[in-house]
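*Asks:* Take this sequence and fold it.
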Amino acid sequence: MSKHSIYLSHHLQTGYTVVYEELCKALEKSGVNHYLLPYSNDIWARDFMPVHVGGGEYLGYVYRPDYLYDNVREREYITNQKLATGDIPINYIEKLDAIIDGGNFVFCDDKIIMTDKIFSENPNIKQSKLINKLEEVCQKELILIPWDMDEEYGHADGMVSYIGNGKLLLNNYCQMGKDGVGFSKRLHKILNPHFTVTELHYSSPWEEKNAAYINYIETESSVIIPALSIKHDSASDIAALETFKKIFKKEILQVYAQPLIKDGGALHCVTWDFFQEETEVATAEHNNK
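*Replies:* Coordinates of the predicted model:
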């Protein structure tokens, strides 16, 4: 058993107040403690924080994404991972000397899904060597999927989500026109040999922003999904709620996330999961007495 808590950037509290307050209420209703990251430079905690590989163990990496680093004006938003995690008792398995985003990891029991953007960000590392290193440190098989070039960040967590027992959710590419259908077929060809794949589909008319619904977070008792409308009553939000109720047996909560979606992310992007095994929790509590 492990203790699960969620961390959020302090910039989310100050810059996206409505979203922050609604998300905190949903987390509290789900019985999840939440804390702030005071040494973060932007709201996307998932991207710059270490990756949980399981069993309370974490993988560190170099956070220097090209979409920030290549633009001098954007570099101020690059968070120093070491500084951001300084006050948190993280159990590292290794700190990888490679440029990666946390949002590009989707863990699926004994497998990891990542987009092939890892190669363009690490041109000085031989591709086979990078794959082998990731599989070695995570002790999982790496499955690479093509980068969705309509999304500049190259994150797998906006494309797929693992729901356990070999089952995978695929974003609703089938509703995204001819190009989306073609891309969906490519992804199915790669993923179907490994997973039972369910492609999301909403009964409401297609709109670009409903691609963000897959950027949800899951707790022990609930699934918290983004909402496009402040009252969660748009046709898309109602359709998304219906769809997720059919997939999960947990309570489905909705959090207004339109401001995040406009800026390129949603709920999964702004949250970071911290897991401590019970023995670690007991030791930390004893040391704090």
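*Asks:* Identify the residues contacting the longest helix seen in the chain?
*Replies:* With secondary structure taken from DSSP state H, the chain has its longest helix at helix 177-191. Applying Cβ atoms under 8 Å, 6 or more residues apart in numbering, the contact partners of helix 177-191 are 113, 143-146, 148, 159-160, 168, 170, 173-174, 176, 197, 199. Every residue, glycine included, has its C-beta placed from N, CA and C.
*Asks:* Ok, stretch 116-130 next?
*Replies:* Counting by Cβ under 8 Å, 6+ apart, P65, D66, A98, I99, I100, N104, L134, L144, I145, P146, W147, G154 sit against stretch 116-130.
*Asks:* Show me how to select, in PyMOL, the buried members of those.
*Replies:* Buried members of those, defined by 16 or more other Cβ atoms under 10 Å, are picked up in PyMOL with:
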select buried, resi 65+98+99+100+104+134+144+145+147+154
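*Asks:* Would you format the contacts of stretch 116-130 as CSV with secondary structure included?
*Replies:* Formatted as CSV, those follow (DSSP: H, G, I helix; E, B strand; the rest coil):
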residue, secondary structure
P65, coil
D66, helix
A98, strand
I99, strand
I100, coil
N104, helix
L134, helix
L144, strand
I145, strand
P146, coil
W147, coil
G154, coil
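*Asks:* For the longest helix of the chain, give the mean pLDDT please.
*Replies:* The average pLDDT for helix 177-191 rounds to 95.
*Asks:* chain center to it: distance?
*Replies:* 21 Å (Cα atoms, centre = their mean, to the nearest Å).
*Asks:* show me where the stretch 51-200 of the chain has helices.
*Replies:* 66-69, 81-84, 117-121, 127-138, 177-191 (DSSP state H, counting those that start in this stretch).
*Asks:* Spell out which residues sit in contact with the nearest residue to D148 once chain neighbours are set aside, please.
*Replies:* Closest residue to D148 apart from its sequence neighbours, by Cβ to Cβ, 6 or more residues apart in numbering: M159 at 5.8 Å. For M159, the contacting residues are T115, I145, D148, L170, N171, L187, I214, by Cβ under 8 Å, 6+ apart.
*Asks:* and those residues, which are buried?
*Replies:* So, by 16+ other Cβ under 10 Å, the buried ones in the contacts of M159 are T115, I145, D148, L170, N171, L187, I214.
*Asks:* Between these, which has the least confident prediction?
*Replies:* D148 (90).
*Asks:* so how far is V106 from that residue?
*Replies:* Look at D148 and V106: by Cβ to Cβ, to the nearest Å, they are 13 Å apart.
*Asks:* likewise N192?
*Replies:* N192 sits 16 Å away from V106, going by Cβ to Cβ.
*Asks:* Have a look at these two and say which one is more surrounded.
*Replies:* Counted by other Cβ atoms under 10 Å, N192 and V106 do not tie: V106 has more neighbours, with 22 against 11.
*Asks:* who does the more buried one bridge with?
*Replies:* I113 (DSSP bridges).
*Asks:* Does it touch I113 like I think?
*Replies:* Yes: assessed by Cβ atoms under 8 Å, V106 is found in contact with I113 at 4.2 Å.
*Asks:* what is in contact with the two at once?
*Replies:* Joint contacts of V106 and I113 (Cβ under 8 Å, 6+ apart) are A156, V160, Y162.
*Asks:* which one of those residues is nearest G15?
*Replies:* G15 has its nearest neighbour among the shared contacts of V106 and I113 in A156, at 25.9 Å by Cβ to Cβ.
*Asks:* Skip the chain neighbours and tell me the closest residue to that closest one.
*Replies:* V106 (4.7 Å).
*Asks:* so how far is K82 from that neighbour?
*Replies:* 25 Å.
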